[in-house]
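Q: Need a 3D model of the following:
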Amino acid sequence: MTAMLRVVYDASAHLRNCPSLNESTNTPFRFGHVRTKYNPADCATKGLNKDELRHHIWWNGPPIIHQLDSNISQFFTLPANYDSYDVSTTMATLTSTVDDLLDWSTQSDLKKTQRTVAYVLRFLKKIVSLIRENLRNRILHNIPELQSKPPQQSAIEYENALILIVRNHQKMYCGSHVRQIHSGLRLYTDNRNVIRYKGRLGKADILQEAREPIFISSKTRLAELVVRDAHLPYHCSTCQTMTNVRQRFWMSRLRNLLRKVIKRCVACQKMNNLPYRHPDIEDLPETRVQRTRPFQHRYMQKKHQSLMFEVKDARELQRLPYIILENIID
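A: Predicted structure coming up:
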């Protein structure tokens with residue numbers, strides 16, 4: 001969330017009021033600058049220990065108070081022409097960032113991540129039940145998964161943990177700029193504040209999650225864990241892993257991410273990669289490169305009980321059940 005704040009400050013109006021204030025109060029004043037080391041108010045923000053506080057300028061003020069005449073060069077006077085000051089514009093940007101729920105560098109399995117978040121949600125339910133009602137309602141509004149109360153850790157808690165992880169992921173990586181890039185995907189937000197992809201399978205006879213899968217940014221750690229969970233434990237191929245992922249999630253450039261994940265799978269590399277390199281290719285044998293007529297070397301025989309019978313008449317082929325045609329090279 002980003003908000004822009006614009007402040008327009010007209011310095012000439014304030015400078016014109018200074019002489020009139022001087023005349024009305026009959027008190028001469030001058031403008032000057034006080035350095036940080038001479039400003040007692042800074043101790044409230046920077047902090048002091050007991051030894052520094054004992055000898056701090058907070059008690060008696062800075063030494064510059066008693067040396068105003070000697071530091072007259074640090075003061076300045078107002079100009080006579082106040083109209084020379086223009087209007088100044090100040091731009092300030094207020095940005096609120098969303099942090100990750102977990103340290104993804106330490107997570108290697110999606111199921112274990114769901115289990116961790118499920119235990120955290122169970123702990124938060126007990127804490128939320130002990131706080132005052134207005135604060136409890138605010139927390140339940142931001143984390144609606146805390147409203148469910150299963151008796152023990154079950155599939156419902158695992159599902160709530162996954163939804164919480166996905167919602168935090170989408171707040172970080174699926175902002176308005178992502179929706180503009182994927183404007184043709186018909187993205188929408190469901191009743192649990194989860195962004196889903198609404199394709200053209202609304203009338204298909206499949207599960208609701210497959211018709212409207214959850215949108216996930218591809219170049220993230222969560223996307224890698226989702227692909228890895230779909231690839232294991234059977235080490236599915238690229239096409240089968242894509243099918244498993246699309247049963248519930250949708251992400252762009254899925255095939256490239258699959259190749260990256262499968263390339264890191266040790267078991268798949270042991271089966272797919274050849275252990276030895278191919279030998280050097282030699283010339284073909286002489287008998288395979290000589291020109292011959294069709295059926296120049298032919299012989300018809302029957303093998304039965306280690307006996308070999310030569311067939312001379314083609315009509316005998318009907319009476320011999322096992323005929324083997326072999327091409328014999330002289």
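Q: care to break the protein down by domain?
A: Residue ranges for the domains of the chain, per automatic domain parsing: 2-95, 97-173, 182-214, 216-283, 295-326.
Q: which of those domains has the lowest average pLDDT?
A: For the domains of the chain, the weakest mean pLDDT is recorded on domain 295-326, namely a mean of 52.
Q: In this structure residue 235 contacts residue 269, no?
A: No. Assessed by CB atoms under 8 Å, residue 235 is found out of contact with residue 269, at 10.4 Å. All C-beta spots, glycine's among them, are computed from the backbone N, C-alpha and C.
Q: And the two? Which one has more around it.
A: Comparing residue 235 with residue 269 by other CB atoms under 10 Å, the one with more neighbours is residue 235, at 14 against 11.
Q: how about that one, what does it touch?
A: 265, 267-268, 271 (CB atoms under 8 Å, 6 or more residues apart in numbering).
Q: SS state for it?
A: coil (DSSP: H, G, I helix; E, B strand; the rest coil).
Q: can you give me phi and psi for it?
A: Per-residue torsions, residue 235: phi 50, psi 60 (degrees, to the nearest 10).
Q: I'd guessed residue 170 sits against residue 197; true?
A: No. Applying CB under 8 Å as the test, residue 170 and residue 197 come out as separate, 11.8 Å apart.
Q: Now the common contact residues for these two.
A: Common neighbours of residue 170 and residue 197, using CB under 8 Å, 6+ apart, are residue 215.
Q: Does residue 156 touch residue 148 like I think?
A: Yes. Taking CB under 8 Å as the definition, residue 156 is a contact partner of residue 148 at 6.0 Å.
Q: so how many other residues sit close to residue 228?
A: So residue 228, with other CB under 10 Å, has 18 neighbours.
Q: Make sure it is indeed in a helix.
A: Yes. Checked against three-state DSSP, residue 228 lies within a helix.
Q: what's it in contact with, if anything?
A: 109-110, 261.
Q: run the last query once more with 10 Å
A: Residue 228 is in contact with 108-110, 241, 258, 261-262, 264-265, counting by CB atoms under 10 Å, 6 or more residues apart in numbering.
Q: cool, residue 231 as well?
A: Here residue 231 is in contact with 237-238, 240-242, 244-245, 258, 261-262, 265, 268 (criterion: CB under 10 Å, 6+ apart).
Q: what about the closest residue to residue 157 other than its chain neighbours, neighbour count?
A: Spatial nearest neighbour of residue 157, excluding adjacent residues (CB to CB, 6 or more residues apart in numbering): residue 118 at 4.2 Å. A count of nearby residues for residue 118, using other CB under 10 Å, gives 22.
Q: Quick check, residue 118 in contact with residue 160.
A: Yes. Contact criterion CB atoms under 10 Å: residue 118 and residue 160 qualify, at 7.2 Å.
Q: re the thing from before, filter the contacts of residue 228 down to just the buried residues.
A: With neighbours counted by 16 or more other CB atoms under 10 Å, the contacts of residue 228 contain buried members at 110, 241, 258, 261-262.
Q: Of those residues, which belong to helices?
A: Taking DSSP state H, the ones among the buried ones among the contacts of residue 228 that sit in helices are 110, 241, 258, 261-262.
Q: which one of those residues is nearest residue 136?
A: Distance to residue 136, by CB to CB, is smallest for residue 110 among those, at 30.3 Å.
Q: Check the spacing between that closest one and residue 148 real quick.
A: 21 Å (CB to CB, to the nearest Å).
Q: returning to that earlier point: before we move on, which element is the residue nearest to residue 157 in?
A: helix 110-128 (DSSP states H and E).
Q: For that helix, list every residue counted as buried.
A: Residues of helix 110-128 classed as buried: 110, 113-114, 117-118, 121-122, 125, 128 (neighbour count, 16+ other CB under 10 Å).
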